[in-house]
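K.L.:
prediction below, plus the sequence it came from.
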Amino acid sequence: MNALDYLQFVLAPQVVNGLALGVAVVLVALGLTIIFGMLDVINMSHGEFYAIGAYAALALGAAGINFWFLLVLVPVLMVPLGMAAERLLIRPVFDSRDRHVTTLLVTFGLALVVEDLLKVAFGPNTQRPPTPIPGATELAGIIVPNYRLFLIVVGAAIVSGVAYVVYRTRLGAMVRAAAFDRNMAASLGVPVALVYAGTFAFGVALAGLAGVLLAPIYSVFPTMGRDFILLAFTVVIVGGMGSIWGAVVAGLLLTQVQALASLVISPVWTDPIVFGTMVAFLVFRPQGLFGRLGHA
Amino acid sequence: MKTTGYLTAAAGLLAATALTGGALAQSGPIKIGVVTPLSGTYTPIGQQVRWGLELAAKEINAAGGIAGRQVNLVFEDEEANPAVAVQKAEKLFQVEKVDFLTGTVNSGSTLAVAQLAERNAKLAATTVSFADSITTDKCSPNMFRVNARAEQQSVALAAWLAKEKPKAKVYYLGPDYEMGRSTVAAFKSSAEKSGAPTGGEVFAPLDSKDYTQYFGQIRASRPQVLYTSVAGNDTVRLLTQLQDFGLLTNLQVVGASGTVTSQNIGAIGQAAEGFATGVGYSPQIDTSENKAFVAAFRAANKADPDLYGADSYGLLFAYKAAVEKAGSTETDKVREALRGLSWQTPQGAKTIRAGDHQAMQPMYVVRVAKGKFDIIDKVDADKAIGPDACTRF
Amino acid sequence: MRDRLTLSMRASHLLALVFVAAALALAAIGAASGDTFYLRLGTEALIFAGLALSVDLLLGYSGALSLGQALYFGIGAYVSALTLLKVPSFWLAMAAAGGATLLASIVGGLIANRVRGVYFALITFGLAQVVAKVVYNTRELGASDGMIGIPVIEIGFGPVSVSAGNPVGFFLIVLAIIMGLYWLTAYLLDTPFGRVLTALKANEKRVPFLGYSVWWARMFSYVLAGLIAGLSGALYPMLRGFVSPELMFFATSGNAVISVILGGVGTLIGAIYGSVLLVLLKSIIGSWTEHHLIVIGVIFMVCVMFLPKGLVGFIRPRIEERLLAGAQKPAAPSFAPVRLEAGSAKP
């Protein structure tokens, strides 16, 4: 097979596919990095909120609700869920000295419970909602499904939207202030408790939205929460906890590395490579590529 | 104080054990232990195993039981972890004092339980694991297998493929663990023997979300056939992604028995059309026995049986026949009775080969059409089964 | 040195003695009634208690949460299995497993100890995942099926020998080993060097100013924890006759963490109680319903939120008070408040 053929049939599609997967990973990691960067909370149950979003899309979609409407409805439904989780589970352990450990453990317990609850509610079998935008287009000889193109576009839009809210609006400023110095922000009139609960809810709503978007291509089953959680944590660490641009760059980079590496080495080694990258960053540059958001 | 409570509870448990110990003579119910995954990734399979066994037990008990004794099924969750499977199996053998054990799904658990059965002088059987090693190099005198193993599946499928698409180039995509690699190897040797060239092979990690990273290689090799031994969710993702990328047109997809089953065919949808496999069972087998079985299964569980459900159902009847032939539930007598035993199942007549405790049965080639598993070819039992490679007994 | 830590250690020792007494009593009952299953279940609980002990050493004393301790447990188990398949000698297997985990934990410690807190947790998690995956795909180690066929060995003590297949005998041996590891760890923690570890958890930044090396302290505790996990893991194939990669998976590490939280972080004996408790819970709940994860998850969350000291941590302060009261009685007069008389204060 000559070089041009290789470029067109193997390399280029690999890059495009890596892009679609990258966008998916970024969406999941975005919520995680916001929760860590703003709240200093390690959310081990993030994957389960992703699963809840997917199951909600499945159930509501089967009840006849249109996919486009679901894109808005599901995240909105997840907000009260997130706020409840923050208030009932995170708030009590938030002020303990080893907050990182206790929030990690409490959310780990939550993940166990939610995974089993989903199995009870929906059964153990795999299900899949229909693809909202069927068909594929051919771009310069590469066939790409339309839905994946849509994902890339929507993903970019969501990331830009989130970045805009966080960096350019008053709401975002309040959130960043509360993350930087809780007491000062409170004395300046920022409703800190509400901001914390709201931020957590926002983070998990993003995860739920990712679930809705990815359900048609990755299907829905009770243990799906574990699918992305590893990669998402790696992206958050490599990109820098709390950094939105870090999550984007790291997410896209890591998925490209994964996609291209599987061309030359056995796919089994891609996971160790990803972990090795995480370890390398943790050891040599723990603040990641772009450092932290709430804490400068 | 907590510790005294613990002490009394444990003492109570031990005392209860001692008391119930000698109670089971040859007149009480026959207890059959089932160690199967009821939680975790393999739950769908465990569920089918459970349904199949429960239906069989109900029918046997309604017809008077085994040699006049009622059948009692005792379930334990193995969480698809061999360490847990062995612990629960030991509980069933030593505390519940079951006469027979079954239900393990992954081959690691089956092998570990086989060893345990030997150490407890009891018998066990598997109705799901299809790793060849269980009845070849790692065979055990206390373990029986009533389902078709990997080699039987691939012989049937390869024979059909040689007829249907002679000398077609095959690309192999398997999940990267023992089962995945051995099923690919088994089919590859059968296919290459009948002259089908290999376009390439790749092993994807289990639970891969995105198979698109392998599509470049697949496309480049331009195969006519794709063989895959992924299962469960992985199949859903692989096939739907293949379809999304337009790779399914002009590609015949074939796979292992467990790749497309009634568990995941709903989620795969249209992408499963045309998929062919060699398997020991299809709900569409056209015999009155099978039709009755499928109807009863559907009525009880609101779902179709798949190969795991059917094989588990059949196992209980094999045990019944063996115990009645041996006239007792003693391990050595039942073992003798099971060797060479022939009995009726919804799939036809099965025979347990004495040399390696592997069930011989007619193998079907089924193809998915409109969500149903249509039978398009059949291979006789003795042609499908490979040579006896068990040297331990 | 008699201070708060010694006192709480003494309370732990008391609970440990209670535990040993209970275990011996159970062994006696088991031997009398000819039971095999519960004794072997208890042995398995003790083996995993050793793993939980190693997690508590790290979490409770140096404040480092290790989410991948099962890695060393698994290495110990596999090395022990490989040794036993060649030479069925208990001492050789234990030595080999100990040596292998020593090396592995030195390497692991060099990598993991560069970071702290949640980063440490993630690295240990990642290490365990990667190695587990390598083992899962290695044919020589049995790949995903694991290795069966580990023989039932004879454990020799000079003229006397106990078979690993003897439920009571092996239970007592494992009990002795695990409690031995507990007492060794407790002893080490009571030394000045052990106090440095506790200081790490209390205020790591200050430790160098007191003249101690943080790095050595952390490495030491990490390697010791790895060794404990490895020696416990080495006992597993002797009990069950097989090993599989699942021994290294996150589920095993996660169970150890849950055991430690349930029993009580930082008490050492809490890890052992917690492990036994978890095995009991899983067995009992598992028989009622297959949704045992929900129940255990809820109990776990409740413990993290409301009982951060775990069950032992709940009971221990009461014991401490009793011990303190008992120690204070003869010295009471010197603790009596001095009465100041008007005009007696000197400038």
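P.N.:
Yep, that arrived.
K.L.:
and the stretch 201-350 of chain B, which residues reach chain A?
P.N.:
B:202-205, B:207-210, B:212-217, B:219-220, B:232-233, B:236-237, B:240-241, B:244-246, B:263-264, B:266-269 (Cβ under 8 Å from any Cβ of the partner chain). For the C-beta atoms, the positions are set from N, CA and C on the backbone; glycine is no exception.
K.L.:
what subset of those is buried?
P.N.:
Among those, those buried by neighbour count (16 or more other Cβ atoms under 10 Å in any protein chain shown) are B:202-205, B:207-210, B:212-217, B:219-220, B:232-233, B:236-237, B:240-241, B:244-246, B:263-264, B:267-269.
K.L.:
show me those that map onto helices.
P.N.:
The members of those that map onto helices under DSSP state H are B:215-217, B:219-220, B:232-233, B:236-237, B:240-241, B:244, B:267-268.
K.L.:
can you lay out these as JSON lines showing pLDDT and distance to chain C?
P.N.:
Shown next, in JSON lines, are those (pLDDT from 0 to 100; distance: Cβ to the nearest Cβ, whole Å):
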{"residue": "B:Phe215", "pLDDT": "85", "distance to chain C": "23"}
{"residue": "B:Gly216", "pLDDT": "80", "distance to chain C": "23"}
{"residue": "B:Gln217", "pLDDT": "82", "distance to chain C": "20"}
{"residue": "B:Arg219", "pLDDT": "84", "distance to chain C": "26"}
{"residue": "B:Ala220", "pLDDT": "82", "distance to chain C": "25"}
{"residue": "B:Gly232", "pLDDT": "87", "distance to chain C": "15"}
{"residue": "B:Asn233", "pLDDT": "88", "distance to chain C": "17"}
{"residue": "B:Val236", "pLDDT": "93", "distance to chain C": "21"}
{"residue": "B:Arg237", "pLDDT": "93", "distance to chain C": "20"}
{"residue": "B:Thr240", "pLDDT": "92", "distance to chain C": "26"}
{"residue": "B:Gln241", "pLDDT": "91", "distance to chain C": "23"}
{"residue": "B:Asp244", "pLDDT": "88", "distance to chain C": "28"}
{"residue": "B:Ala267", "pLDDT": "90", "distance to chain C": "22"}
{"residue": "B:Ile268", "pLDDT": "92", "distance to chain C": "25"}
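K.L.:
could you identify the most distant pair in the residues you listed?
P.N.:
B:Ala220 and B:Ala267 (28.8 Å; Cβ to Cβ).
K.L.:
residue closest to the middle of chain A?
P.N.:
A:Val28 (0.9 Å; Cα atoms, centre = their mean).
K.L.:
who in chain C is up against chain A?
P.N.:
Residues of chain C lying near chain A (Cβ under 8 Å from any Cβ): C:59, C:63, C:65, C:111, C:114-115, C:117-119, C:121-123, C:126-127, C:129-130, C:133-134, C:137, C:254, C:257, C:261, C:291, C:293-294, C:296-298, C:300-301, C:304-306, C:308.
K.L.:
longest helix in chain C, by residue count?
P.N.:
helix C:4-33.
K.L.:
got the contact list for the residue most central in space within chain C?
P.N.:
Closest residue to the average C-alpha location of chain C: C:Leu53 at 0.9 Å, with Cα atoms, centre = their mean. By Cβ atoms under 8 Å, 6 or more residues apart in numbering or on different chains, the contact set of C:Leu53 is C:Ile178, C:Leu181, C:Tyr182, C:Thr185, C:Ile228, C:Ser232, C:Leu268, C:Ala271, C:Ile272.
K.L.:
so the second one makes contact with C:Leu231?
P.N.:
Yes. Using Cβ atoms under 8 Å as the test, C:Leu181 is close enough to C:Leu231 to be in contact (6.8 Å).
K.L.:
shared neighbours of those two, which are they?
P.N.:
Joint contacts of C:Leu181 and C:Leu231 (Cβ under 8 Å, 6+ apart) are C:Gly50.
K.L.:
C:Tyr182 contacts C:Leu268, doesn't it?
P.N.:
Yes. Between C:Tyr182 and C:Leu268 there is a contact under Cβ under 8 Å: 6.0 Å.
K.L.:
which of these two has more neighbours?
P.N.:
C:Leu268 (29 against 24; other Cβ atoms under 10 Å in any protein chain shown).
K.L.:
any idea of the pLDDT on that one?
P.N.:
Per-residue pLDDT puts C:Leu268 at 88.
K.L.:
ok, C:Lys201 next?
P.N.:
79.
K.L.:
coming back round to it: can you tell me the SS state at the residue nearest to the centre of chain A?
P.N.:
helix (DSSP: H, G, I helix; E, B strand; the rest coil).
K.L.:
point me to the residue of the stretch 51-200 of chain B nearest chain A.
P.N.:
B:Asp176 (5.1 Å; Cβ to the nearest Cβ).
K.L.:
for that residue, give its distance to C:Asn137.
P.N.:
Taking Cβ to Cβ, to the nearest Å as the measure, B:Asp176 falls 6 Å from C:Asn137.
K.L.:
so what's in contact with the two at the same time?
P.N.:
A:Val268.
K.L.:
now for B:Asp388: which residues touch it?
P.N.:
B:Arg353, B:Gly355, B:Asp356.
K.L.:
the last one sits in which helix or strand?
P.N.:
If I follow you right, that is B:Asp356. Using DSSP states H and E, B:Asp356 sits within no helix or strand.
K.L.:
what are the phi and psi values for C:Tyr212?
P.N.:
phi -110, psi 150 (degrees, to the nearest 10).
K.L.:
not counting sequence-adjacent ones, nearest residue to it?
P.N.:
Using Cβ to Cβ, 6 or more residues apart in numbering or on different chains and skipping residues adjacent in sequence, the residue nearest C:Tyr212 is C:Val196, 4.7 Å away.
K.L.:
if I read this right, that neighbour contacts C:Gly211, doesn't it?
P.N.:
No. Using Cβ under 8 Å, C:Val196 is not in contact with C:Gly211; the gap is 9.8 Å.
K.L.:
more neighbours: which of the two?
P.N.:
Comparing C:Val196 with C:Gly211 by other Cβ under 10 Å, the one with more neighbours is C:Val196, at 21 against 7.
K.L.:
a helix runs through that one, doesn't it?
P.N.:
Yes. Assessed by three-state DSSP, C:Val196 belongs to a helix.
K.L.:
so how far is C:Arg206 from it?
P.N.:
Distance from C:Val196 to C:Arg206, by Cβ to Cβ: 11 Å.
K.L.:
next one: B:Ser133
P.N.:
From B:Ser133 to C:Arg206 the distance is 58 Å (Cβ to Cβ).
K.L.:
one more: C:Ser144?
P.N.:
In terms of Cβ to Cβ, C:Ser144 sits 48 Å off from C:Arg206.
K.L.:
now for the contacts of C:Leu53: which two are most distant?
P.N.:
Checking those with Cβ to Cβ, the most distant pair is C:Ser232 and C:Leu268, at 14.0 Å.
K.L.:
quick one: mean pLDDT over the longest helix of chain C.
P.N.:
Helix C:4-33 comes out at a mean pLDDT of 87.
K.L.:
next, the buried residues of that helix.
P.N.:
C:7-16, C:18-19, C:22-23, C:26-27, C:29-31, C:33.
K.L.:
now find how far off-centre that helix is within its chain.
P.N.:
Mean C-alpha position of helix C:4-33 versus that of the full chain (Cα atoms, centre = their mean, to the nearest Å) differs by 15 Å.
K.L.:
now do stretch C:176-185
P.N.:
The answer for stretch C:176-185 is 9 Å, by Cα atoms, centre = their mean.
K.L.:
what does stretch C:155-171 give?
P.N.:
23 Å.
K.L.:
hey, C-alpha coordinates of that stretch in CSV?
P.N.:
Output in CSV follows, covering the C-alpha atoms of stretch C:155-171 (Å, rounded to 0.1, in the frame of the first residue of the first chain):
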residue,chain,number,x,y,z
ILE,C,155,3.9,-26.2,56.5
GLY,C,156,6.8,-27.4,58.5
PHE,C,157,8.0,-26.2,61.9
GLY,C,158,10.9,-28.5,62.5
PRO,C,159,9.4,-31.8,63.7
VAL,C,160,5.8,-30.7,63.5
SER,C,161,4.0,-29.9,60.3
VAL,C,162,0.5,-28.6,59.5
SER,C,163,-1.2,-29.1,56.2
ALA,C,164,-2.6,-26.1,54.4
GLY,C,165,-5.7,-28.2,53.7
ASN,C,166,-6.3,-28.6,57.5
PRO,C,167,-9.0,-25.9,58.1
VAL,C,168,-8.2,-25.3,61.8
GLY,C,169,-4.5,-25.6,61.4
PHE,C,170,-4.2,-23.3,58.5
PHE,C,171,-6.6,-20.8,60.2
